[in-house]
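Peer 1: Here is the input, now give the coordinates:
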Amino acid sequence: MKFKTIIVLLFIGLIVIFSLQNAEVIDVKFFLWKISLSRVLIILGSFAIGVLVGILLSMKRKLYSKEVSQEESEA
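Peer 2: Numbers count the residues shown, from 1 in each chain. Coordinates of the predicted model:
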């Protein structure tokens, strides 16, 4: 396996272990809403949103660099 894959799997494992050790139900307040959720869901949800944002930014950067290289080749 590649080194990067091993590091990612290790990091995900640490997140899961950390989440499961913090399983209490807490109140989350967001603007006018108040929701009772398990800390596991909050931690894993935050992690998933962070991963999604990272993937989207990476895709945007790749598309931008592809457009710039095509414009340079046309000129």
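
Peer 1: Okay, strands next: where are they in the protein?
Peer 2: 25-30, 33-38 (DSSP state E).

Peer 1: Mind checking the ones you listed for the one nearest to Leu63?
Peer 2: Leu63 lies closest to strand 25-30 among those, at 31.9 Å (C-beta to C-beta). Every residue, glycine included, has its C-beta placed from N, CA and C.

Peer 1: count of residues packed around Glu24?
Peer 2: Using other C-beta atoms under 10 Å, the number of residues around Glu24 comes to 7.

Peer 1: hmm, back to that, let's have the strands of the chain in CSV, adding distance to Ile6, mean neighbour count and mean pLDDT.
Peer 2: Compiled in CSV, these are given as follows (distance: least, C-beta to C-beta, whole Å; neighbours: other C-beta atoms under 10 Å; pLDDT from 0 to 100):
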stretch, distance to Ile6, mean neighbour count, mean pLDDT
strand 25-30, 33, 9, 88
strand 33-38, 29, 10, 89
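
Peer 1: wait, what's in contact with the residue nearest to the spatial centre of the chain?
Peer 2: By C-alpha atoms, centre = their mean, the mean C-alpha position of the chain lies nearest to Val51, the distance being 1.8 Å. Counting by C-beta atoms under 8 Å, 6 or more residues apart in numbering, Val51 touches no other residue.

Peer 1: Many thanks, have a good one.
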